[in-house]
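>>> Take this sequence and fold it.
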Amino acid sequence: MYAIFVDGGRQYKVEEGQEVVLDYRNTTTGTELKFDRVLAVGTDGGLQLGQPTVAGAEVTAEVLGIELGDKLTVQKMRRRKNFRRRTGHRQLFTKVRISRIQVA
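Residues are numbered from 1 along each chain as shown. Okay, here's the model as predicted:
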């Protein structure tokens, strides 16, 4: 069984037990998150598509922790002006484990 849900403007295809990296949320480890904007649910019986969402479907996930993404280096330079800047950035993400996909 799998589900496709929307979170933060992105669509995620997930199965039970799968670990997914989402946009940062200010939550603690062990917190339960519920996603009710489920676009599609695939089961052994077939595929249920929503118009735009599947009524009564819900994806439940457990927060595993906060992670830092890869380091991005931003370089700026203006030629012939002796101007150079180099900065870095690491985005925060929330790692979750999908615990249940529920269809009403």
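>>> Which stretches in the chain count as strands?
Secondary structure of the chain (DSSP state E): strands located at 2-7, 10-15, 19-23, 32-35, 38-43, 46-49, 58-68, 72-78, 83-89, 92-102.
>>> Turn those strands into CSV, columns for mean pLDDT and mean neighbour count.
Any C-beta I mention is one placed from the backbone N, CA and C, and that applies to glycine too. Shown next, in CSV, are the strands of the chain (pLDDT from 0 to 100; neighbours: other CB atoms under 10 Å):
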stretch, mean pLDDT, mean neighbour count
strand 2-7, 96, 19
strand 10-15, 97, 14
strand 19-23, 97, 14
strand 32-35, 97, 15
strand 38-43, 96, 18
strand 46-49, 94, 12
strand 58-68, 97, 16
strand 72-78, 98, 9
strand 83-89, 98, 9
strand 92-102, 97, 17
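>>> Of all residues in the protein, which one is nearest the centre?
L22 (2.7 Å; CA atoms, centre = their mean).
>>> Write down the beta-bridge partners of that one, one by one.
As for beta bridges, L22 partners with T94 under DSSP bridges.
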